[in-house]
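Novice: what's the 3D shape of this:
(one chain, ligands or ions: 4)
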Amino acid sequence: MKAMNADLHCHSTVSDGLMSPTALVERAKNNGVDLLALTDHDEIGGLDEASKVADHLGLRFVTGTEISVSWGDDQTVHIVGLNFDHRHPELVAGLGRVRGGRDARAGRMAAELAKVGIDDAYAGALKHAGNPALLSRSHFARYIVERGFARDVKTVFDHWLAKGKPGYVSHPWAELPEALGWIKAAGGVAVIAHPGRYRLTPAERRELFVTFKELGGAGIEVISGSHNEAAVREFAGIAREFGFLASRASDFHGPGESYIDLGRMAVLPDDLKPVWAEWV
Ligand code: AMP
Ligand code: MN
Ligand code: MN
Ligand code: MN
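Specialist: Ligands and ions are numbered 1, 2, ... in the order given. Presented below is the predicted three-dimensional model:
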């Protein structure tokens, strides 16, 4: 039997993606995706549109969001919530609060960037984001490329926006227990996004998995656009050890800005239980 082509992590223009929810779902369908979740950063505003288009195209769709969480000593981890009631008031209010911090953070980022000669970055990033509550480092990166300071978005992160670089500012996102609480209240499943991306020591990484599990977290992205083969092996091992459900995720943001296209990832190791096993 052909494996289910599930892609449970991607972004639209309702966060820092380049395509509208409609265009994204159409692209997923064309790429042979069977089951899709749209997971905009701290946002659920694209879900109704995406779900409607998916229904129309006969593509299975579940709700999603990617919550920004502060962890440890000024680290950020991302928790994907899947298959929840996106009208649940606790979730809606919690995500609204997280987004509410983005505008002020963007102001502080712009002030830091001005000190290193990149002017007008707030207005420039806002043109890309369209809405102050969506302002992300990706929008700053696009503005900095547009101004000719760097040739691509990745270079911008390496020089200005990654932690420790001049345009990076620390910011309080959600706490892990509250993020998991919102997802649970709304009836969803919580999944650790791209665990291979965090610059955590092995001990800090284990602590994240242990705490996540204690708080009721159930899944981990084993296949991710951010994972090479070694990372897939490592996090498949973590899924086995902790009994986590395994997710499969492109983290697609748009053509030319992502390592991997919608649905074009490797399949999950076949001994792992997919996060979607009970939905389909
Ligand atoms: P923010 O939530 O504003 O901190 O922005 C985080 C987003 O920036 C991530 O979701 C990615 O889309 C993007 N990002 C982070 N690091 C990189 C990188 N090294 N290269 C390209 N994009 C990145
Ligand atoms: Mn992003
Ligand atoms: Mn992420
Ligand atoms: Mn993402």
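Novice: from here on, contacts and neighbour counts on C-alpha atoms
Specialist: Will do.
Novice: And stretch 40-52, end to end?
Specialist: 17 Å (Cα to Cα, to the nearest Å).
Novice: what distance separates that stretch from the centre of its chain?
Specialist: Relative to the mean C-alpha coordinate of its chain, stretch 40-52 is positioned 13 Å out (Cα atoms, centre = their mean, to the nearest Å).
Novice: and if you look at stretch 236-255?
Specialist: 12 Å.
Novice: what residues does it touch?
Specialist: The contact list for stretch 236-255, computed with Cα atoms under 8 Å, 6 or more residues apart in numbering, reads 6-12, 16-19, 191, 209, 213, 218-226, 258-265, 267-269, 272-276.
Novice: State the mean pLDDT of it.
Specialist: Here stretch 236-255 scores 98 as its mean pLDDT.
Novice: What about ligand 1: which of the contacts of stretch 236-255 touch it?
Specialist: Applying Cα under 6 Å from any ligand atom, the subset of the contacts of stretch 236-255 adjacent to ligand 1 is empty.
Novice: Just give me the neighbour total for Thr63.
Specialist: For Thr63, the count of nearby residues is 22 (other Cα atoms under 10 Å).
Novice: measure the nearest residue to it once chain neighbours are set aside to ligand 1 for me?
Specialist: Nearest residue to Thr63 in three dimensions, chain neighbours excluded: Asn83, at 4.8 Å (Cα to Cα, 6 or more residues apart in numbering). Distance, Asn83 to ligand 1, by Cα to the nearest ligand atom, to the nearest Å: 20 Å.
Novice: residue contacts, Asn83?
Specialist: Asn83 makes contacts with Val62, Thr63, Gly64, Gly187, Gly188, Val189, as judged by Cα under 8 Å, 6+ apart.
Novice: In strands, which of the contacts of stretch 236-255 appear?
Specialist: Ala6, Asp7, Val191, Gly219, Ile220, Glu221, Val222, Ile223, Ser224 (DSSP state E).
Novice: okay, the residue nearest to Thr63: pLDDT?
Specialist: 98.
Novice: could the ones in strands among the contacts of stretch 236-255 go into a markdown table alongside neighbour count and pLDDT?
Specialist: Converted to a markdown table, the ones in strands among the contacts of stretch 236-255 look like this (neighbours: other Cα atoms under 10 Å; pLDDT from 0 to 100):
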| residue | neighbour count | pLDDT |
| --- | --- | --- |
| Ala6 | 27 | 98 |
| Asp7 | 27 | 98 |
| Val191 | 25 | 99 |
| Gly219 | 27 | 98 |
| Ile220 | 29 | 98 |
| Glu221 | 32 | 98 |
| Val222 | 33 | 98 |
| Ile223 | 27 | 98 |
| Ser224 | 28 | 98 |
